[in-house]
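Peer 1: Curious how this folds, go ahead:
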Amino acid sequence: MLIVRPSRLSDLAQVERMASASGAAVHTLPAHRDKLFEKISASVHSFDAEVDVYGEESYFFVLENTATGVLHGTSAVVAYTGFSEPFYVYRNDIIVHASRALKVHNRIHVLTLSHDLTGDSQLCSFYVDPELAKTHYPRLLSRARLLFAAQHPERFADNMMSFLPGVSDATGRAPFWEGVGRKFFGIDYVQAEYFTGVKEKTFIAELMPHYPIYVPLLSDEAQQAMGQVHPGSRVPFNILLEEGFEADNYIEIFDGGPVIRAKRENLKTIQQSKVIPTRRGRQMAGEVWYLVSNTAIHRFRAMLLQLPAQLPDVLTLASQVADALELDDDDEIRIVPM
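Peer 2: Below you'll find the predicted structure:
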């Protein structure tokens, strides 16, 4: 049985294995033991904290096979992007250049370094083992954190965002980085992403250009990479698009990958999930896949269940399912159809 639960410090070795497999481009899951320890520790404290107004909390989840104890994926939510360090994106803007004498009126696409998304809640750190990529489990792993947000809205912002890795090749060469970042940093893209994951973000402010970048002056290769997602990130990208996220007016500053955003209240999992009471007994067979979670915080658990299309007012769950969800008698669950 595979469940999503909050990560704990004993997961560190397995999380480190997945971070190494995820590649350097996913800098929100750095293959750096000390940073991963900090990430899990911060999450443990966040799940344990009493929260009335969201702030520096971060919630890190893992996908566990309860029969073997093996972890197969990670996902996370940062409650307040840019709470403790700057968060930068490029905003797509238009500058008008006009000359009445020459009868010229040009609208020029420019990229402006921006803090606009500071304060959004960020979905990040998504990884799933390749053998599960074509199953329902990536959706469970991604959407479980939204079930958590639906149950505990006070812990999150009204806007949620995520950015996906942009285009790069097998050697780690990213066309957008070659056209922009390398000229100011003088290092490889992989090095820049690694530093973003393990160092303070002040180096970005120190080295990135603060004036608009005129897109027509970039190479065709760099322009074509803007807003394009890395092929290896198509699965999480498509899940979030299905959920209701949309490409906004922003791209990632290093590889030009897409930044997607949505109102929390408009997301399908938030809108369509509901809370119903449960009891233990003989579970009804069904033909519809549902995402199901308990309503707890630090004991949060989520899983997939096949249930009838028409749900009863009180859902009867098998004892092994109720145990996996850590439900007591008559506890409620939050449920949403796949």
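Peer 1: quick one: contacts of the host helix or strand of residue 13?
Peer 2: Assigned by DSSP states H and E, residue 13 belongs to helix 12-22. For helix 12-22, contacts defined as Cβ atoms under 8 Å, 6 or more residues apart in numbering pick out 7, 26, 29-33, 36-37, 40, 62, 70-71, 73-74, 127, 129. C-betas here are computed from N, CA, C, even on glycine.
Peer 1: Go through the residues you listed and flag which are in strands.
Peer 2: Residues of those located in strands (DSSP state E): 62, 71, 73-74, 127.
Peer 1: between these, which has the most around it?
Peer 2: When those are compared by neighbour count (other Cβ atoms under 10 Å), residue 74 ends up highest, at 28 neighbours.
Peer 1: Do you have the helices of the stretch 201-338 of the chain handy? List them.
Peer 2: Using DSSP state H, counting those that start in this stretch, the helices of the stretch 201-338 of the chain run over residues 202-207, 220-225, 234-243, 268-272, 319-324.
Peer 1: who wins for proximity to residue 121 among these?
Peer 2: Taking Cβ to Cβ, helix 268-272 is the member of these nearest to residue 121, at 11.8 Å.
Peer 1: what mean pLDDT does that closest one have?
Peer 2: For helix 268-272, the mean per-residue pLDDT is 96.
Peer 1: Pull that helix out as CSV, backbone CA atoms only.
Peer 2: Presented in CSV, the C-alpha positions along helix 268-272 are these (Å, rounded to 0.1, in the frame of the first residue of the first chain):
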residue,chain,number,x,y,z
LYS,A,268,-9.9,21.4,-8.6
THR,A,269,-8.8,19.5,-5.5
ILE,A,270,-9.7,22.5,-3.3
GLN,A,271,-13.0,23.1,-5.0
GLN,A,272,-14.2,19.5,-5.4
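Peer 1: Now do it: which elements does it pack against?
Peer 2: For helix 268-272, the elements it packs on are helix 137-151, helix 234-243, strand 332-337, judged by 3 or more Cβ pairs under 8 Å, 6 or more residues apart in numbering; DSSP states H and E.
Peer 1: would you turn those into TSV with mean neighbour count, distance to residue 264 and mean pLDDT?
Peer 2: As requested, the helices and strands packed on helix 268-272 are arranged in TSV below (neighbours: other Cβ atoms under 10 Å; distance: least, Cβ to Cβ, whole Å; pLDDT from 0 to 100):
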stretch	mean neighbour count	distance to residue 264	mean pLDDT
helix 137-151	24	7	97
helix 234-243	18	11	94
strand 332-337	19	15	96
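Peer 1: Between these, which one is closest to residue 117.
Peer 2: helix 234-243 (15.1 Å).
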